[in-house]
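1. Everything below, folded, please.
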Amino acid sequence: MMKKKQNYANHIRFYPAHHFVFYPLATLLLVSSITFIFLKEDKLLWSFISVLIALIIWVSFMLRQHYALILQNRIIRLEMRYRYFVLTNQRFELIEHKLRDSQIFALRFASDDELPSLVKKTLEGNLSSRRIKKSIVNWIPDHHRV
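-> Reported below is the predicted structural model:
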């Protein structure tokens with residue numbers, strides 16, 4: 001299957017089961033339980049249920065994001081070290097401490113031709129991740145990120 005060319009405008013990815021099924025249903029459940037606080041006699045019970053549902057939504061969001069992002073960040077850092085070394089014969093570890101995580105994560109979308117010069121521009125001009133992404137002409141797509 002041919003994947004759509006990735007760029008700044010379309011690089012955000014959704015997980016349909018989570019974003020379009022679980023969260024809408026959980027939100028509907030939360031809204032319903034909050035409504036029952038005002039409509040039913042057992043206000044304390046429905047208040048407790050509402051708080052419990054809100055906590056479940058929050059924990060599910062945080063855990064899903066947390067585990068995936070920690071692993072993804074580590075992999076991206078390793079990928080950038082490898083790519084930068086292959087392209088420049090210099091260790092990325094020597095300069096990566098000068099970059100914010102968001103800058104490193106944005107730089108990964110740059111093509112091999114653009115990466116060394118974009119790293120240099122980022123170090124010199126302290127470019128934001130948004131500016132880095134908008135500067136990329138030839139994106140290396142990442143269709144497998146979380």
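2. all helices in this protein, in order from the N-terminus.
-> Assigned by DSSP state H, the helices in the chain fall at 16, 23-39, 43-88, 93-96, 101-107, 115-125, 129-135.
3. and the ones you listed, which one's lowest on average pLDDT?
-> Among the helices of the chain, helix 16 carries the lowest mean pLDDT, at a mean of 86.
4. Quick check: the gap between the nearest residue to Asp113 once chain neighbours are set aside and Lys5.
-> What sits nearest to Asp113 in space, not counting adjacent residues and going by C-beta to C-beta, 6 or more residues apart in numbering, is Asn138, at 6.9 Å. (C-beta placed from N, C-alpha, C; glycine too.) From Asn138 across to Lys5, the span is 10 Å (C-beta to C-beta, to the nearest Å).
5. Of those two, give the one with the bigger neighbour count.
-> Higher neighbour count among Asn138 and Lys5: Asn138, with 12 against 9, using other C-beta atoms under 10 Å.
6. Let me know whether that one touches Leu115 as I believe.
-> No - using C-beta atoms under 8 Å, Asn138 makes no contact with Leu115, being 10.3 Å away.
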